[in-house]
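J.: could you look at this predicted model? Sequence included:
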Amino acid sequence: MGDEAETYGLTWPGKGRAAAEASAPATGRLEPDPARSVGSDDSPHLFIEGDNLEVLKLLGGDYAGSVDLIYIDPPYNTGKRLAYDDDFADHTAGNSSSRDPGARRHAPWLSMMYPRLLAAAELLADGGVLFVSIDDTELPHLRLLLNEVLGEEAFLGVLKRRAARKTAHLSATMSDLCDYVVCYARGRLGGRLSTASSTEATRPVLNRGNAVSERVLPRGTEARCGDGVHPAGRRCVRSLEFEILDDLVVQGGRLVGEVRVRGPFRVNQDLLARTVFITRRGGLRRSLLPEELGAPKAMSDLLDDPEFYNERGSECLADLLGAPVFEHPKPVGLIKHLVRSVPRPSGDLVVLDFFAGTGTTAQAVMEVNAEDGTHHRFIMVQRPEPLRQVAKLPDGTRLQTIADIGRERIRRVIEGMGARAPGFRAYTVRDDGA
């Protein structure tokens, strides 16, 4: 056989059926769910409960070519049965024609992802960016899938993220600290991915693991926690512990006198004094200095920041809900970093996450809007996947599905932000043939 008959690409048992599923018409419709919505009927934000392949097809009518950023954190292929168990995935898993154990393991995952990526690509705007979190098991296959869906020229790079403070010791051969974010663009990107900062951007002043030291908050420090006397004592805000040694006396949004603080500081006294402010929840953050607001820098392909670790994702969600209800959600800081990296020459972004999980992307979008003065819109899609056991929060709220967690998380973020955050409109997929 000559070389002209050979081809290069990715194939697996069931690929044809997966492609056909992507092109099959939607069978349902999006039905408003006012009881689960928060705020006004014209909120720009959407939370849709249903199978994400069906939802992607349904969104095609109004959102084709309109989504500026897609972030997804799909199920990693652990070799176990996938929650997104389409007919064609079942078919490939049991395909006896393939005697290759690798094909049997990878085929269901590929058949699950392929039609969803094809449908999602139709929603991306020209210059829109797709970010996909993945581990090393399916990284090479994901690259080949996206090369086929968007084209090799659409590849922007692979970000390597340190995912944990300490290794999980899950690998028998080497330390496993990292996973990846694969980046592709549709058409011509409106600029480079950057680490641009806005005048509203802030940074932490504490870092768990640093040596404990004492700093002084100067008289006149901005305090967003409300006027009055806030007693001295130990604090734990966003899982960072520190101690206020003097009463916080706030008048007109400013400290009346100096206040000593002990904690694991990551900045010196001079920088703290010039930039620190007290947050609404009584935490400490700092504003950026003018020299830190220079020209955007190209995004690094190495993501190694404690705000990007999985522990931060777990801590943030547990703090917000009052109890640990989900293992290893992606950290809000990571998604905020990605949202801010995308060039937006035409204005605000439409952000889609069709493996929305606990709603990390929604919280990230709302926080970026509040901090940067932007008006990005989110569309979250999550199937009503049951939790292993019903989660009961301290206030009595009961959560039965991952979609329940996502809606409750967004509701609480909105409640905390008040007027700064519009609500969201909830929808459910209904099968017209049912």
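T.: It's in.
J.: which helix is the longest one in the protein?
T.: Secondary structure of the chain per DSSP state H: the longest helix is helix 101-123.
J.: from the contact counts, what lies against that one?
T.: helix 15-23, helix 52-63, strand 67-72, helix 87-93, helix 139-150 (3 or more CB pairs under 8 Å, 6 or more residues apart in numbering; DSSP states H and E). Just so you know, the C-beta spots here come from the backbone N, C-alpha and C atoms, and that holds for glycine as well.
J.: what angle do the next helix or strand after it and helix 52-63 make?
T.: Next helix or strand after helix 101-123 toward the C-terminus (DSSP states H and E): strand 124-134. Angle of strand 124-134 versus helix 52-63, following axes from the mean of the first three to the mean of the last three CA atoms, to 10 degrees, is 160 degrees.
J.: buried sites along strand 124-134?
T.: Neighbour counts over strand 124-134 (16 or more other CB atoms under 10 Å) mark L124, A125, G127, G128, V129, L130, F131, V132, S133, I134 as buried.
J.: let's have these in TSV, adding pLDDT and distance to E214.
T.: As requested, the buried residues of strand 124-134 are exported to TSV (pLDDT from 0 to 100; distance: CB to CB, whole Å):
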residue	pLDDT	distance to E214
L124	97	51
A125	94	50
G127	93	49
G128	95	48
V129	97	44
L130	98	46
F131	98	40
V132	98	44
S133	97	39
I134	96	43
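J.: from these, pick the one nearest N210.
T.: S133 (27.7 Å; CB to CB).
J.: gap between L156 and D41?
T.: 37 Å (CB to CB, to the nearest Å).
J.: between the two, who's got more neighbours?
T.: L156 (17 against 9; other CB atoms under 10 Å).
J.: surely the more buried one meets R188?
T.: No. Using CB atoms under 8 Å as the test, L156 is too far from R188 to be in contact (12.0 Å).
J.: give me the common contacts of these two.
T.: Shared contacts of L156 and R188 (CB atoms under 8 Å, 6 or more residues apart in numbering): none.
J.: thinking again about what came up before, can you say which of the helices and strands packed on helix 101-123 is nearest to V259?
T.: Once those are compared by CB to CB, strand 67-72 is nearest, at 39.0 Å.
J.: and the closest one, which strands flank it?
T.: Each strand that pairs with strand 67-72, with its direction, by DSSP bridges: strand 124-134 (parallel), strand 350-353 (parallel).
J.: what does it contact?
T.: 120, 123-125, 127-133, 335, 338-339, 342, 344, 349-355, 361, 379.
J.: let's test this: mean pLDDT of it, rounded?
T.: Averaging pLDDT along strand 67-72 gives 97.
J.: hey, C-alpha coordinates of it in PDB?
T.: Output in PDB follows, covering the C-alpha atoms of strand 67-72 (Å, rounded to 0.1, in the frame of the first residue of the first chain):
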ATOM      1  CA  VAL A  67     -19.600  33.200  22.800                       C
ATOM      2  CA  ASP A  68     -16.300  34.800  23.600                       C
ATOM      3  CA  LEU A  69     -14.900  32.400  26.100                       C
ATOM      4  CA  ILE A  70     -15.700  28.800  26.900                       C
ATOM      5  CA  TYR A  71     -14.200  27.200  29.900                       C
ATOM      6  CA  ILE A  72     -14.900  23.500  30.700                       C
END
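J.: now the angle from it to helix 101-123?
T.: Using the same axes, to 10 degrees: strand 67-72 against helix 101-123 is 160 degrees.
J.: isn't G406 right up against G359?
T.: Yes. Counting by CB under 8 Å, G359 is a contact partner of G406 at 3.6 Å.
J.: if we can go back for a sec, minimum distance to M417: which of the helices and strands packed on helix 101-123 has it?
T.: Closest to M417 of the helices and strands packed on helix 101-123 is strand 67-72 (CB to CB; 20.8 Å).
J.: how far does that closest one sit from the chain's center?
T.: Strand 67-72 has its C-alpha centroid displaced from the chain centroid by 10 Å (CA atoms, centre = their mean, to the nearest Å).
J.: sorry, back to before: would CSV of the helices and strands packed on helix 101-123 with distance to E311 and mean neighbour count be doable?
T.: CSV is the format used below for the helices and strands packed on helix 101-123 (distance: least, CB to CB, whole Å; neighbours: other CB atoms under 10 Å):
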stretch, distance to E311, mean neighbour count
helix 15-23, 35, 16
helix 52-63, 27, 20
strand 67-72, 20, 24
helix 87-93, 32, 19
helix 139-150, 23, 18
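J.: now distance to R388 too, for those, in CSV please.
T.: Formatted as CSV, the helices and strands packed on helix 101-123 follow (distance: least, CB to CB, whole Å):
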stretch, distance to R388
helix 15-23, 29
helix 52-63, 21
strand 67-72, 23
helix 87-93, 22
helix 139-150, 27
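J.: of these, which approaches I410 most closely?
T.: strand 67-72 (15.5 Å).
J.: count the neighbours of R161 for me.
T.: R161 has 24 neighbouring residues, counting by other CB under 10 Å.
J.: fine, thanks again, bye for now.
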